[in-house]
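S.K.: Please find the sequence and the predicted model below.
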Amino acid sequence: MQYIHHFNSPLGGITAASDGDNLTGLWFDGQKYFGDTLDSGYEEKDLPVFRQTDRWLDIWFSGKEPSFTPPLGLKTTQFRRSVCEIMLTIPYGKTMTYGEIAEKLACDRGIARMSAQAVGGAVGHNPISLIIPCHRVVGANGNLTGYAGGIDKKIKLLEMEGADINGFFRP
């Protein structure tokens with residue numbers, strides 16, 4: 001059984017999903033790929049993982065970096081999981097390019113190259129927004145692109161973290 005929970009953020013509604021123990025989804029309401037890991041049968045329920053997630057979001061939206069991560073349960077491919085694991089290493093208020101993630105994946109796998117476009121597809125399908133910080137991933141040369149919640153939200157999220165976005169531009 002899957003469960004959902006709603007959170008009202010300064011940037012709009014957020015829906016969280018859980019398998020009962022782990023956070024399996026977190027989306028801004030209406031974003032691209034909203035709920036794509038949810039089965040058709042789910043119910044709204046108060047769970048400890050949702051209370052932890054609310055606490056994490058409250059801290060984050062207050063302008064601070066949370067010192068914990070709710071338990072995550074990624075239901076995705078191994079490639080997308082690898083990309084998510086790298087995104088989790090991007091420091092608060094910092095960014096990484098799709099190409100840098102591709103280089104890291106290639107190095108980790110002992111291969112010469114990895115497609116930045118493939119990485120972009122994986123980042124775009126990140127099922128746990130904010131906590132797995134896909135908003136911190138930018139295009140080459142500071143191109144602010146590829147956020148399922150929309151570029152305006154991506155900019156606001158980076159500004160909320162105090163990231164220096166002066167050198168970035170919209171496509």
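M.R.: That came through, no problem.
S.K.: mind listing the helices for the chain?
M.R.: 48-61, 78-87, 98-109, 116-124, 151-160 (DSSP state H).
S.K.: can you list those helices in TSV and add mean pLDDT?
M.R.: Formatted as TSV, the helices of the chain follow (pLDDT from 0 to 100):
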stretch	mean pLDDT
helix 48-61	98
helix 78-87	96
helix 98-109	95
helix 116-124	93
helix 151-160	93
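S.K.: May I see those arranged in TSV, with distance to L38 as well?
M.R.: Every residue, glycine included, has its C-beta placed from N, CA and C. What follows is the helices of the chain, written out as TSV (distance: least, Cβ to Cβ, whole Å):
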stretch	distance to L38
helix 48-61	14
helix 78-87	16
helix 98-109	26
helix 116-124	17
helix 151-160	21
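S.K.: Spit out the contact partners of the residue nearest in space to the middle of the chain.
M.R.: What sits nearest the mean C-alpha location of the chain, by Cα atoms, centre = their mean, is S129, with 2.8 Å. Neighbour list for S129: L26, W27, F28, Q31, H135, A148, G149 [criterion: Cβ atoms under 8 Å, 6 or more residues apart in numbering].
S.K.: how much space between the residue lying farthest from the centre of the chain and P70?
M.R.: Taking Cα atoms, centre = their mean as the measure, the residue most remote from the mean C-alpha position of the chain is A112, 27.0 Å away. To P70, A112 is 37 Å away according to Cβ to Cβ, to the nearest Å.
S.K.: so G73 makes contact with G20?
M.R.: No - G73 is beyond contact range of G20, at 9.4 Å (criterion: Cβ atoms under 8 Å).
S.K.: With neighbour numbers in mind, choose between these two.
M.R.: The neighbour comparison of G73 against G20 (other Cβ atoms under 10 Å) goes to G73, with 18 against 13.
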